[in-house]
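> Predicted coordinates and the sequence they were generated for:
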2 protein chains.
Amino acid sequence: MSRQVDTFTFVVEPFQEDFTGQITWGTLGNLLLRSANLHASARGFGRVLLDGGVYVWVLSRLVVEMSRRPHTGETFTISTWVRSVYRSFTDRCFTLTAADGQPIGYAYSIWALINKDTREAIDLQRVMNSEFEACIDAGRPCPVRHPGRVRVKAGAPVRTIGTYYSDIDINNHVNSIRYLEHILDLFYKEMYAKRRLQRVEMAYNEETYCGEPLSFYVEPAADGNVNVEVRKNAGDGDATRGTVVCRSQLTFCDE
Amino acid sequence: MSRQVDTFTFVVEPFQEDFTGQITWGTLGNLLLRSANLHASARGFGRVLLDGGVYVWVLSRLVVEMSRRPHTGETFTISTWVRSVYRSFTDRCFTLTAADGQPIGYAYSIWALINKDTREAIDLQRVMNSEFEACIDAGRPCPVRHPGRVRVKAGAPVRTIGTYYSDIDINNHVNSIRYLEHILDLFYKEMYAKRRLQRVEMAYNEETYCGEPLSFYVEPAADGNVNVEVRKNAGDGDATRGTVVCRSQLTFCDE
């Protein structure tokens, strides 16, 4: 095992693909999270015990850029490492590689360590030690454009949905990747045949619990990007816009 | 390789579980379909070429009975075989077994072989040969109660949803297992904590294409069962009840 980097091999299984025959973004996102989890656990910081409390990692940002997504039956790898640690956050990078060694994508994520019960983040300097520091690989390239600040001014949601049993994961809130699936569902299926979704950016603000309705506000942005803001418990008008749970930017390109 | 039975090993991966920590019904259903697919392909009847046409298997019925669902990190196996072939349909059985050899569930399914283009089923006697016949295992036990006839008289749907990009699989229609996920979402999350969903029965009638709305009609049935009928393109009243795409019966039990 490399001290810094782990590489995991996956195969795209039947029923993990979308109608185009490529792995769904949802499955891909969950494999990134799974790789992060395996990498951290193998180094003893999957969860952290401190002052009698249990601390777990929560995803704050996720950016995924794919030049193509692997198709059914294809083998590919995900490599992941920690790039840096600063105050309350840590940066984790990923490279996705085809079986022939060609890179097919990169991802960049930001995580906070929060108390499982109080949900409060702690200063990561408190858990820093030489062992943790030895895991950091600051130099390895991960050519992902850093996430920007997504702002949506649209006054009315394009869709409001309920949240149900299938949306909820073992942490008892709407699964991080599930938001992305709901966001992708805002666009016509034909869009995914005509244009290629090349980059996905997610910024997480708040947790959503089962039953809280989610409203989706959509706005075109510069360079052909689309910005999406997801709010929970929002009403129809501006007065009751609810609480932002996440923001997203999608980048489609013409092939 | 056994001539009749294949056994596949799976591990429940993180993010494949529901909030209770057990594999989701959706993932489980897709693993059953994947096992069926692998078993048929290994014997040369994954898809059938006949008279210049391509014939593919479509799922007509699926019944899954679980005494418990495996939890995250747990290894389990799915064994599958063909039990019988009659006119237009074939019966396929499954057993699900824990790592210690204890059975944890059984499943039973009925499939038709249809022309990929015309969607018409063919008489399976036409593709029957000694090789296919040698694969059939009529005697192996699969103690699943056979599916009944689900009838729902409810006049108004409890929910109507749109169908979107994420619902559609590589066959360009709503994925068979996705219906089940939407059906499970009709019930409060707390229900899944309090009662155990022990048996799921699905009967498929028609395909749903992206954008066609689905309406869910729910009715309590005998023995604590719940019947669900899913109709596409249904209106609000009895006059426009649309087309039945599938029917389902769920059996919850108190632990």
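Received the coordinates, thanks.

> Next, the distance between the ends of stretch A:152-159.
This stretch, stretch A:152-159, spans 15 Å end to end (CA to CA, to the nearest Å).

> So which bits of it are buried?
Residues of stretch A:152-159 classed as buried under the neighbour-count rule (16 or more other CB atoms under 10 Å in any protein chain shown) are A:V152, A:P157. The way it works is simple: take the backbone N, C-alpha and C, and place the C-beta from them, glycine included.

> Off-centre distance for that stretch?
In terms of CA atoms, centre = their mean, to the nearest Å, the centre of stretch A:152-159 is found 22 Å from the chain centre.

> try stretch A:188-197
Using CA atoms, centre = their mean, the offset of stretch A:188-197 from its chain centre is 21 Å.

> ditto for stretch A:197-212
That offset, for stretch A:197-212, works out to 8 Å (CA atoms, centre = their mean).

> again, but for stretch A:103-123
The chain centroid and the centroid of stretch A:103-123 are separated by 10 Å, computed with CA atoms, centre = their mean.

> likewise stretch A:41-53?
Relative to its chain's centre, stretch A:41-53 lies at 22 Å (CA atoms, centre = their mean).

> where does chain A come near chain B, residue by residue?
By CB under 8 Å from any CB of the partner chain, the residues of chain A that approach chain B are A:13-19, A:21, A:24, A:26, A:30, A:33-34, A:37, A:72, A:164-170, A:172, A:175, A:177, A:181, A:184-185, A:187-189, A:192, A:210-211.

> Helices of chain A, start to end?
Assigned by DSSP state H, the helices in chain A fall at A:25-42, A:130-135, A:176-184, A:189-194.

> who touches the longest one?
Translated: helix A:25-42. By CB atoms under 8 Å, 6 or more residues apart in numbering or on different chains, the residues outside helix A:25-42 that reach it are A:1, A:6, A:8, A:10, A:12, A:16, A:18, A:46, A:57, A:59, A:62, A:64, A:66, A:69, A:78, A:80-81, A:92, A:94, A:107, A:109, A:111, A:176-178, A:180-181, A:184, A:197, A:200, B:13-16, B:166.

> cool, the second one as well?
Applying CB under 8 Å, 6+ apart, the set of residues contacting helix A:130-135 from outside is A:R3, A:Q4, A:R43, A:G44, A:F45, A:W81, A:V82, A:V85.

> just to revisit the earlier point, export the helices of chain A as TSV, with columns for mean neighbour count.
Conversion of the helices of chain A to TSV gives the following (neighbours: other CB atoms under 10 Å in any protein chain shown):
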stretch	mean neighbour count
helix A:25-42	20
helix A:130-135	12
helix A:176-184	22
helix A:189-194	14
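
> what about these, which gets the closest to B:S248?
Of all the helices of chain A, helix A:176-184 sits nearest to B:S248, with 22.5 Å by CB to CB.

> Rounded mean pLDDT for that closest one, please.
What helix A:176-184 shows for mean pLDDT is 97.

> What is it packed up against?
helix A:25-42, strand A:196-204, strand A:214-220, strand A:225-232, strand A:243-253 (3 or more CB pairs under 8 Å, 6 or more residues apart in numbering or on different chains; DSSP states H and E).

> Generate TSV for those, with mean pLDDT as supplementary columns.
Listed next are the helices and strands packed on helix A:176-184 as TSV, based on pLDDT from 0 to 100:
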stretch	mean pLDDT
helix A:25-42	94
strand A:196-204	97
strand A:214-220	96
strand A:225-232	96
strand A:243-253	96
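
> Let's have those in CSV, adding distance to A:V127.
What follows is the helices and strands packed on helix A:176-184, written out as CSV (distance: least, CB to CB, whole Å):
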stretch, distance to A:V127
helix A:25-42, 12
strand A:196-204, 21
strand A:214-220, 33
strand A:225-232, 31
strand A:243-253, 26
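
> do you know which of the ones you listed lies nearest B:P103?
Of all the helices and strands packed on helix A:176-184, helix A:25-42 comes closest under CB to CB, at 28.2 Å.

> got a list of what A:D18 touches?
So A:D18 contacts A:T24, A:W25, A:Y192, B:Y165, B:S166, B:I168, B:D169, B:I170 (CB under 8 Å, 6+ apart).

> so where's chain A shaky on pLDDT?
A:1, A:236-239 (pLDDT under 70).

> Show me the residue at the heart of it, geometrically.
With distances taken as CA atoms, centre = their mean, A:L62 lies nearest the centre of chain A, 3.8 Å away.

> So A:S79 sits against A:T9, correct?
No: applying CB atoms under 8 Å as the test, A:S79 and A:T9 come out as separate, 10.3 Å apart.

> quick one, which of these two is more surrounded?
Neighbour count, other CB atoms under 10 Å in any protein chain shown: between A:S79 and A:T9, A:S79 has more, with 21 against 10.

> And the strands in the stretch 1-150 of chain A?
Assigned by DSSP state E, counting those that start in this stretch, the stretch 1-150 of chain A shows strands spanning A:6-11, A:47-50, A:53-66, A:75-86, A:89-98, A:103-115.
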